[in-house]
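> coordinates for the following, if possible.
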Amino acid sequence: MKMAKSLFLGSAAALIALGGGQAADLPIKAKAVEYVKICSLYGAGFYYIPGSDTCIKLGGYLRAETTFGTSYHFDAANSGVGGARNRLSDYYSSRSRLGLSIDTRTATEYGLVRTYFDGA
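Below is the predicted model:
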């Protein structure tokens, strides 16, 4: 009896799930929404900030380095604390560097207003 009850409930749940999937289909094709518009006034890489006439360009880099089996970069730990291989020495070491640049430009009645940020 328990097996029949679980089989009945499982098939009912499957029918409901399939029926709900068909009801959600749209009868007509929806128009694609452009969330990001390209700003070609100032060159390649600029995009309009939504809701304004300001163009923005984001750039940057990320550099990461991880060394395993040593406490030092570019060289194995052969002596000292790094060479001891105990709780005082690290199994790995890592370092990273990040750079971010933001360039915004807006055409006003007085001319071009530009802001630039470069954080290294």
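> how close does R97 sit to C39?
Using C-beta to C-beta, to the nearest Å, one gets 29 Å for the distance from R97 to C39. All C-beta atoms are positioned from the backbone trio N, CA, C, and that covers glycine.
> between those two, tell me which one has more neighbours.
Ranked by neighbour count (other C-beta atoms under 10 Å), R97 and C39 place C39 first, with 19 against 10.
> quick one: the helices in the protein?
Remark: helices assigned in the chain by DSSP state H are 2-23, 80-84.
> comparing these by mean pLDDT, which bottoms out?
Note on those: lowest mean pLDDT is at helix 2-23, with a mean of 53.
> list the contacts for the nearest residue in space to R63 that is not next to it in sequence?
Excluding the flanking residues, the one nearest R63 by C-beta to C-beta, 6 or more residues apart in numbering is R97, at 4.7 Å. Each residue near R97 by C-beta atoms under 8 Å, 6 or more residues apart in numbering is listed here: 61-63, 120.
> among those, name the ones in strands.
Among these, the ones falling in strands (DSSP state E) are 61-63.
> from those residues, pick the one nearest V113.
Lowest distance from V113 to those (C-beta to C-beta) belongs to Y61, with 26.8 Å.
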